[in-house]
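1. need the 3D shape of this:
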Amino acid sequence: MAYKDLREWIAALDRAGELTTITQPVSPYLEMSEISDRAAKLKGDATKGPGGPALLFENVTGHPGARVLMNQFGSERRMKLALDVEESASLDEIAVRIRTLLHPPTPTSFMAKLKMLPTLAEIGSFFPKLIDRSNAKCKEVILKGDDVDLTKLPVLTTWPQDGGPFITLPCVITRDPRSDKRNVGMYRMQVYDKNSTGMHWQRQKNAAEQLRDRLRATTSDASAAVDLMAATAGGTASAPADTNLSQQTITRIVNNRMEVAVAIGTDPATTFSAIVPAPPEVEEYLIAGFLRQKPVELVKAETVDLEVPAHAEYILEGFVNLAELKTEGPFGDHTGFYTMQDDYPVFHVTCITHRKKPIYAATVVGKPPMEDAWMGKAVERIFLPLMQLTLPEIVDVNLPAAAVFHNLMIVSIRKSYAGHARKVMNGIWAMGQAMFTKCIIVVDEDCDVQDLAEVTLRTANNIDPERDIQFTLGPVDTLDHASRLPNFGSKMGIDATRKWAAEGFTRPWPPMLSMSPEIKRKVDQLWPKLGIK
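-> Numbers count the residues shown, from 1 in each chain. Predicted structure coming up:
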């Protein structure tokens with residue numbers, strides 16, 4: 001079932017008993033955050049499991065008539081509902097779908113090619129669809145010039161020491177200057193004033209790379225591009241006065257801008273696609289269409305050359321100047337700590353379009369478990385087939401929410417040769433956003449990586465620390481406050497697989513304890529008669 005927009009999704013949540021409507025007056029300054037945090041941490045019951053309900057605030061202090069949706073993805077049950085996975089099934093269904101999209105089976109005969117045609121036709125039917133602006137709900141109200149005022153949106157301040165209100169669930173739309181591919185990412189946006197925000201796209205994000213490509217294009221040759229990247233730390237700092245950059249390059253940078261659009265309040269598949277680690281050649285709009293089994297409807301923006309979700313609640317249009325950076329933060333982040341102030345690009349808003357009586361969608365991040373924990377576990381399932389395309393020996397992965405995903409990855413492999421675990425560690429660190437994984441634990445294929453007790457037992461018993469722990473230096477996550485330098489530090493890999501003689505281990509390796517199958521079957525039959533509860 002495809003949800004056309006956020007409102008159909010809210011109606012489905014209500015029908016499923018997954019929505020609580022709050023009519024008491026609640027402020028977007030800290031109060032909504034505290035309520036959503038408490039709801040996210042509810043233990044639930046045997047039917048629904050952990051994670052409290054989605055919340056629809058209908059009485060927003062300081063914003064008469066506004067409505068705010070929070071915690072919409074805050075349980076496994078709702079993630080399945082959002083992505084059209086049967087309640088009795090696993091989120092691994094998503095991995096099967098994505099694998100079909102990204103790596104369809106290669107036909108080896110004429111008949112096999114004919115059999116592939118329906119699959120290819122089905123994938124083709126999920127490409128985004130451009131519709132006329134008269135049918136686009138996001139165009140019901142159009143604000144330009146002095147009418148643009150971000151302070152009228154019920155943007156949340158989520159933690160006491162935050163630098164200000166932050167837009168926390170935006171779909172940020174940009175275009176690759178080389179491939180013309182559209183990108184949809186999710187980057188927090190601090191509201192500075194009525195028509196500007198920060199744009200917290202971290203160094204590894206696609207939009208940040210698109211900005212770097214525009215910076216490189218201002219130079220005269222490859223050597224000048226190298227100088228520019230060094231002088232600006234990859235576009236994340238202003239060039240010093242004593243730089244070797246030519247005046248022509250500096251002028252081009254100052255006069256250049258990057259168009260950006262932001263959708264707030266989209267259907268759940270489109271929102272979710274913004275956080276999926278998609279390969280560079282695959283548009284998030286296609287992934288959203290594939291997940292929802294129906295194409296995403298797009299419409300041309302008013303003031304920028306971008307296509308935006310036609311039925312979003314809000315669309316913000318504008319640009320980022322290549323040369324402009326501004327202090328952003330602090331921000332209470334999903335690590336459970338505040339991300340400190342740093343310089344980021346500034347998004348200047350030229351136009352706001354929205355639906356009549358729009359619904360603002362937001363999330364709050366902090367100490368897990370929170371709403372992003374369930375989103376992250378779904379990403380984990382999607383990320384698995386992407387990893388297996390490069391590292392087919394991987395059996396399963398677990399990114400524990402308590403380690404905020406990028407700090408710990410547990411990987412099971414089909415070990416085939418000496419040093420195989422080390423090869424997998426290095427392969428993961430060379431793979432997209434996985435390069436920020438601070439700690440990797442590699443276990444054998446017979447270990448259930450989702451069972452943390454089993455992983456702990458294997459790791460504690462199977463390693464000689466000096467021999468089996470590997471350290472390396474490289475890029476680390478921007479949110480890592482413990483690294484020796486911002487964005488650069490060390491990472492650790494632990495080889496918790498069984499050691500082989502071919503790896504220099506000459507002692508006998510004892511078998512693990514396991515009861516015989518015959519005794520297990522016999523006790524299974526006896527168990528109901530034993531009175532043990």
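2. rest of the way, CA atoms for contacts and neighbours
-> OK.
3. what's near enough to touch the nearest residue in space to G185 that is not next to it in sequence?
-> Closest residue to G185 apart from its sequence neighbours, by Cα to Cα, 6 or more residues apart in numbering: A274 at 4.5 Å. For A274, the residues meeting the contact criterion (Cα atoms under 8 Å, 6 or more residues apart in numbering) are 171-172, 184-186, 284.
4. of those residues, grab the buried ones for PyMOL.
-> Restricted to buried positions by 16 or more other Cα atoms under 10 Å, the PyMOL selection for the contacts of A274 reads:
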select buried, resi 171+172+184+185+186+284
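5. next step: the contacts of A274 restricted to helices.
-> E284 (DSSP state H).
6. in TSV: the contacts of A274, plus distance to P165.
-> Shown next, in TSV, are the contacts of A274 (distance: Cα to Cα, whole Å):
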residue	distance to P165
C171	17
V172	17
V184	22
G185	20
M186	16
E284	27
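7. so what are the sheet partners of the longest strand seen in the chain and their directions?
-> The longest strand of the chain (DSSP state E) is strand 314-328. Strand 314-328 sits in its sheet next to strand 257-264 (antiparallel), strand 342-354 (antiparallel), going by DSSP bridges.
8. right, and the helix or strand after the longest one?
-> Following the chain from strand 342-354 toward its C-terminal end, the next helix or strand by DSSP states H and E is strand 359-361.
9. report all helices and strands that that following strand contacts.
-> strand 67-70 (3 or more Cα pairs under 8 Å, 6 or more residues apart in numbering; DSSP states H and E).
10. identify the residues contacting the strand it packs on?
-> Around strand 67-70, the neighbours that count as contacts under Cα under 8 Å, 6+ apart are 36, 54-60, 154, 358-363.
11. if we go to 7 Å?
-> Strand 67-70 is touched from outside by 36, 54-60, 359-363, with contacts defined as Cα atoms under 7 Å, 6 or more residues apart in numbering.
12. and the furthest pair within these?
-> With Cα to Cα as the measure, no two of the contacts of strand 67-70 lie farther apart than N59 and T363, at 17.4 Å.
13. quick one, which of these two is more surrounded?
-> T363 (24 against 19; other Cα atoms under 10 Å).
14. how about L56, phi and psi?
-> Backbone torsions for L56, taken as degrees, to the nearest 10, come to phi -120, psi 110.
15. what sits opposite it in the beta ladder?
-> Beta-bridge partners, per DSSP bridges, of L56: T21, L69.
16. what pLDDT does it get?
-> The model reports L56 with a pLDDT of 98.
17. again, but for F319
-> Looking at F319, its pLDDT is 96.
18. with K129 instead?
-> The model reports K129 with a pLDDT of 93.
19. ok, now Q433?
-> Confidence at Q433, expressed as pLDDT, is 83.
20. do G235 as well
-> 77.
21. neighbours of it, just the number please.
-> 25.
22. once you drop chain neighbours, what's closest to it?
-> R212 is the one closest to G235 (Cα to Cα, 6+ apart), at 6.0 Å.
23. so where does the one you found fall, helix or strand?
-> Assigned by DSSP H and E, R212 belongs to helix 206-216.
24. show me how far that helix is from its chain's centre.
-> What separates the centre of helix 206-216 from the centre of its chain is 20 Å, taken as Cα atoms, centre = their mean, to the nearest Å.
25. do stretch 400-414 as well
-> Relative to the centre of its chain, stretch 400-414 is centred 15 Å away, using Cα atoms, centre = their mean.
26. could you pull out the helices for the stretch 301-450 of the chain?
-> Applying DSSP state H, counting those that start in this stretch to the stretch 301-450 of the chain gives helices spanning 371-390, 420-429.
27. which stretches of the stretch 251-400 of the chain have low pLDDT?
-> Within the stretch 251-400 of the chain, no range satisfies pLDDT under 70.
28. how about the strands in the stretch 351-500 of the chain?
-> Assigned by DSSP state E, counting those that start in this stretch, the strands in the stretch 351-500 of the chain fall at 359-361, 394-398, 408-413, 439-444, 469-475, 488-495.
29. and the angle for the helix holding R212 with strand 314-328?
-> Angle, helix 206-216 to strand 314-328, by axes from the mean of the first three to the mean of the last three Cα atoms, to 10 degrees: 70 degrees.
30. which residues sit against helix 206-216?
-> 174, 176-177, 201-202, 225, 234-235, 253, 322.
31. same deal with stretch 346-357?
-> 137-145, 148, 195-199, 303, 313-320, 324-326.
32. how about the residue nearest to G185, phi and psi?
-> phi -70, psi -20.
33. for it, give its distance to N183.
-> To N183, A274 is 8 Å away according to Cα to Cα, to the nearest Å.
34. same deal with G427?
-> G427 is 25 Å from N183, by Cα to Cα.
35. using PDB, write out every CA atom in stretch 430-443.
-> Output of stretch 430-443 as PDB, limited to C-alpha atoms (Å, rounded to 0.1, in the frame of the first residue of the first chain):
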ATOM      1  CA  ALA A 430      36.500   1.600   2.600                       C
ATOM      2  CA  MET A 431      32.700   1.600   2.000                       C
ATOM      3  CA  GLY A 432      30.700   4.800   1.900                       C
ATOM      4  CA  GLN A 433      29.400   5.900   5.300                       C
ATOM      5  CA  ALA A 434      30.600   2.700   6.900                       C
ATOM      6  CA  MET A 435      34.100   4.300   6.800                       C
ATOM      7  CA  PHE A 436      33.100   6.100  10.100                       C
ATOM      8  CA  THR A 437      32.500   2.900  12.000                       C
ATOM      9  CA  LYS A 438      34.600   3.300  15.100                       C
ATOM     10  CA  CYS A 439      34.700  -0.400  16.200                       C
ATOM     11  CA  ILE A 440      34.100  -3.500  14.100                       C
ATOM     12  CA  ILE A 441      33.800  -7.000  15.700                       C
ATOM     13  CA  VAL A 442      34.000  -9.900  13.200                       C
ATOM     14  CA  VAL A 443      32.700 -13.400  14.200                       C
END
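36. neighbours around W509, how many?
-> W509: 12 neighbours (other Cα under 10 Å).
37. that one is in what secondary structure piece?
-> Going by DSSP H and E, W509 is not in any helix or strand.
38. give the contact list for the closest residue in space to A378 that isn't next to it in sequence.
-> Excluding the flanking residues, the one nearest A378 by Cα to Cα, 6+ apart is L91, at 6.4 Å. Applying Cα under 7 Å, 6+ apart to L91 gives the contacts 80, 85, 378, 381.
39. with those residues in mind, which one is nearest to H334?
-> Taking these together and measuring to H334 by Cα to Cα, the closest member is A378, at 16.4 Å.
40. what's the mean pLDDT across stretch 405-418?
-> The model assigns stretch 405-418 a mean pLDDT of 94.
41. now that stretch - C-alpha only, PDB.
-> The C-alpha trace of stretch 405-418 is given here as PDB (Å, rounded to 0.1, in the frame of the first residue of the first chain):
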ATOM      1  CA  PHE A 405      25.000   2.700  15.000                       C
ATOM      2  CA  HIS A 406      28.300   4.200  13.600                       C
ATOM      3  CA  ASN A 407      30.300   3.500  16.800                       C
ATOM      4  CA  LEU A 408      29.900  -0.400  16.600                       C
ATOM      5  CA  MET A 409      29.300  -2.900  13.900                       C
ATOM      6  CA  ILE A 410      29.100  -6.600  14.500                       C
ATOM      7  CA  VAL A 411      29.700  -8.700  11.400                       C
ATOM      8  CA  SER A 412      29.400 -12.500  10.900                       C
ATOM      9  CA  ILE A 413      31.400 -13.900   7.900                       C
ATOM     10  CA  ARG A 414      32.000 -17.200   6.100                       C
ATOM     11  CA  LYS A 415      35.700 -17.400   6.900                       C
ATOM     12  CA  SER A 416      37.600 -18.900   4.000                       C
ATOM     13  CA  TYR A 417      41.200 -18.000   4.400                       C
ATOM     14  CA  ALA A 418      43.800 -16.800   6.900                       C
END
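42. what are the buried residues along that stretch?
-> 405-415.
43. just put these in CSV and tack on distance to F73.
-> CSV is the format used below for those (distance: Cα to Cα, whole Å):
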residue, distance to F73
F405, 17
H406, 20
N407, 22
L408, 22
M409, 22
I410, 24
V411, 26
S412, 28
I413, 31
R414, 33
K415, 36
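44. no further questions, thank you.
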